[in-house]
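# give me a 3D structure for the following:
(one chain, ligands or ions: 1)
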Amino acid sequence: MNGKTRVCGVIGCPVEHSMSPQMHNFYAERTGLNLAYVPFRVEPQAVGDAVKGAYALNLLGLNVTVPHKQRVMEYLVEIDEDARAIGAVNTLVRMEGGYKGYNTDAAGLKRAMDRAGIAIRGQRCLLLGAGGAAKAAAYLLAREGADEVFLLNRNLDRAAQLAGCVNGLTGRDVIRPMALADYGRLSGTGRDFLCIQSTSVGMHPDTDQAVIEDEAFYERIHTGVDIVYTPSETKFMRLVRASGGSAVGGLDMLLYQGIIAYELWNPGTVVDEETASIARQMLL
Ligand code: ATR
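Model (predicted):
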């Protein structure tokens, strides 16, 4: 570090568990940029002061984590289209007069799927869950040309609300809400679905659970993507594979949403795949 070091960081509460400082300082080293990244514990009521203070201190950018992803939006000078659609911000980029808010979750999921050779366009899809993570996934699937998306959730009202919202945003009426228990009513019989698992079921410490355990359900899935990343191998992934499909976990989405933030702060800089694969090991 010297007088020219540019500073980024993460605001959250708690923030002590965050892997982002290790990841971003590693990217800075690998891309040869004079950038330092630090954690900032910010209490919920202090998020506005934190954004103002960051601007006054000339911080280049911030990541935003729980519980600030929504509340931070009122303190920004601009909000990117994806973040507006998803209704949450996880990255701030300094611009004239303040910060612009981005959400790199959908782009992170897209890059993870591209790297794994998983196509979205023209696919029949299943999306399990209707929370914040599901919203980013639903928006991505609709925008990238999925043929139809059955949105299955335990709480049907929540599924219907999310489907209506994303259909309205993308102008494509492709998200169809369904009660989770009704999966047996999906049309057809073949292995014709790409399935994104975005419920919190199966997360550490409940690693022996999957939101649906019925083998017949997994016989409909050719590719499974679990957004859960702790553990890196989930029960959902095991069930997809045991049935003959292929499966990936949420670690790469986590990895790439961070890399995309780094690239937003440093236009023209690309984090190469060798760096990404070392960083992936650091996350394990
Ligand atoms: P996030 O923002 O991380 O997506 P969330 O908003 O709490 O988290 O959403 C959690 C999702 O997991 C929801 O879809 C929830 O289903 P409900 O909307 O019906 O509550 C789903 N979920 C959590 N525990 C579940 C369980 N035991 N069975 C089925 N779905 C579950």
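
# now the helices for the stretch 51-200 of the chain?
81-86, 105-115, 132-143, 156-170 (DSSP state H, counting those that start in this stretch).

# if you count neighbours, what's buried in the longest one?
Read it as helix 156-170. Neighbour-count burial for helix 156-170 flags L156, R158, A159, A160, L162, A163, C165, V166, N167, L169, T170 (criterion: 16 or more other C-beta atoms under 10 Å). To be clear about C-beta, it is placed using only N, CA and C from the backbone, and glycine gets the same treatment.

# output those residues in TSV, with distance to the ligand and pLDDT appended to each entry.
Putting the buried residues of helix 156-170 into TSV (distance: C-beta to the nearest ligand atom, whole Å; pLDDT from 0 to 100) gives the following:
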residue	distance to the ligand	pLDDT
L156	8	98
R158	4	98
A159	8	98
A160	11	98
L162	9	98
A163	13	98
C165	14	97
V166	14	97
N167	18	97
L169	17	94
T170	19	94
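
# can you redo the helices of the stretch 51-200 of the chain as JSON lines with distance to S187?
Shown next, in JSON lines, are these (distance: least, C-beta to C-beta, whole Å):
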{"stretch": "helix 81-86", "distance to S187": "28"}
{"stretch": "helix 105-115", "distance to S187": "24"}
{"stretch": "helix 132-143", "distance to S187": "18"}
{"stretch": "helix 156-170", "distance to S187": "17"}
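
# so which of those comes closest to K69?
Closest to K69 of the helices of the stretch 51-200 of the chain is helix 132-143 (C-beta to C-beta; 7.9 Å).

# and that closest one with helix 156-170, angle?
Helix 132-143 and helix 156-170 are oriented at 40 degrees to each other (axes from the mean of the first three to the mean of the last three C-alpha atoms, to 10 degrees).

# count the neighbours of the residue nearest to L109 when sequence neighbours are not counted for me.
Nearest residue to L109 in three dimensions, chain neighbours excluded: M253, at 4.7 Å (C-beta to C-beta, 6 or more residues apart in numbering). Using other C-beta atoms under 10 Å, M253 has 28 other residues around it.

# doesn't V225 belong to a strand?
Yes: V225: assigned to a strand according to DSSP: H, G, I helix; E, B strand; the rest coil.

# check the gap between it and F40 for me.
32 Å (C-beta to C-beta, to the nearest Å).

# neighbour count: the two, which is higher?
Taking other C-beta under 10 Å, V225 and F40 do not tie; V225 has more neighbours (27 against 17).

# pLDDT score assigned to the more buried one?
Looking at V225, its pLDDT stands at 98.

# that one touches F193, doesn't it?
No: when contacts are counted by C-beta atoms under 8 Å, V225 is not listed as touching F193 (11.3 Å).

# out of the helices of the stretch 51-200 of the chain, the one nearest A242 is which?
That would be, of the helices of the stretch 51-200 of the chain and by C-beta to C-beta, helix 105-115, which comes in at 21.7 Å.

# just checking, what packs against the closest one?
Under the contact definition 3 or more C-beta pairs under 8 Å, 6 or more residues apart in numbering; DSSP states H and E, helix 105-115 sits against helix 81-86, helix 132-143, strand 221-226, helix 251-265.

# can you list contacts of the first one?
Yep, that's helix 81-86 we're talking about. With C-beta atoms under 8 Å, 6 or more residues apart in numbering as the test, helix 81-86 has contacts from 73, 89-90, 101-107, 132, 135-136, 139, 166, 169.
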